[in-house]
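*Asks:* Coordinates for the following, if possible.
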Amino acid sequence: MHLYADVKRAESRVNTSKKREIVRTGTTVEQMVRAIADMIVTGQMKPGDKLDEISLAGRFEVSRTPVREALRELCAMGLVDRQPNRSAEVTNVTGHYLSSMFEAMAELEGICARLAAARMTVDERHALETMHRASMRLVHSGNEEAYAAHNMDFHTLLYRGAHNDHIYDLVTQTRARLAPFRRAQFRLPGRLSRSFEEHQAIVSAILKGDATAAGKAAYSHVSIVRDASTVFASEAKAV
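*Replies:* Below is the predicted model:
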């Protein structure tokens, strides 16, 4: 059921042609978290900026209840700080902390890829390959939003292919905290095509059942993502 749902969702995203008009699943809270997180990472919101509940509720045309939930999630991601009886404000994510999260992510994805190469079923391998090949259309069109959505689906298939529930929980939790930084990379020139090539190395190794090569390819991929994401974020905040 998970595999079918992932593939159908990815196909829907690939068929979306207009930039920034992706129909996203999820709640209003999730959409707010994404929008605010992206503004923080790209420097549109600076460390110390206040996040007033009333202003945010008006901006997103929602009640204050989902705003509070969005702020709680942003606090959990380390992008926002909220002290008792004070307004929430944008915090400064240190380079050291960000690097440590990406380091953990690289290790976890390497484990997932190694296990996936050994444990994925024939249908799962086929679905991963099909999803990867379909994303070439997004690379050619330069559709950053749609490719970012595809990227989430691609990595989810990889995590599930490891067939280890505990590792799946760990890697998805870590990915959630890094999500805005990982999305930022796709705004860099040429990053879509390079990401596709990195995915190709992972897929090829998994299709061959080469666990060692798959693990190395996945680890290298996240290490490159880290460099691309943090460089972009640093440049944006310096503007």
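*Asks:* what number of residues lie near Ser204?
*Replies:* 15 (other C-beta atoms under 10 Å). C-betas here are computed from N, CA, C, even on glycine.
*Asks:* And Asp81, how far from Arg59?
*Replies:* Distance of Asp81 to Arg59, computed by C-beta to C-beta, to the nearest Å: 20 Å.
*Asks:* Quick check: pLDDT value at the residue of the chain positioned farthest from its centre.
*Replies:* What lies farthest from the middle of the chain is Asn85; by C-alpha atoms, centre = their mean that is 32.1 Å. Per-residue pLDDT puts Asn85 at 78.
*Asks:* Pretty sure it sits in a helix.
*Replies:* No. Assigned with DSSP: H, G, I helix; E, B strand; the rest coil, Asn85 falls outside any helix and is coil.
*Asks:* What are the phi and psi values at it?
*Replies:* Asn85 adopts backbone torsions of phi 60, psi 20, taken as degrees, to the nearest 10.
*Asks:* the helices in the protein, which residues?
*Replies:* For the chain, applying DSSP state H gives helices covering 2-14, 28-41, 53-60, 64-76, 95-119, 122-134, 136-141, 144-161, 165-184, 191-208, 211-238.
*Asks:* what residues are up against the residue nearest the centre of the chain?
*Replies:* With distances taken as C-alpha atoms, centre = their mean, Ala179 lies nearest the centre of the chain, 3.7 Å away. Applying C-beta atoms under 8 Å, 6 or more residues apart in numbering to Ala179 gives the contacts Arg34, Ala37, Met77.
*Asks:* low-confidence ranges in this protein?
*Replies:* For the chain, applying pLDDT under 70 flags the ranges 1-27, 94, 228-239.
*Asks:* That one - how does it break down into domains?
*Replies:* Following automatic domain parsing, one gets these domains for the chain: 2-21+95-238, 28-90.
*Asks:* ok, Glu109 - how many residues close by?
*Replies:* When neighbours are counted by other C-beta under 10 Å, Glu109 registers 27.
*Asks:* Find the residue closest to it in space, skipping its chain neighbours.
*Replies:* Computed as C-beta to C-beta, 6 or more residues apart in numbering, the closest residue to Glu109 that is not its neighbour in sequence is Ala218, at 4.4 Å.
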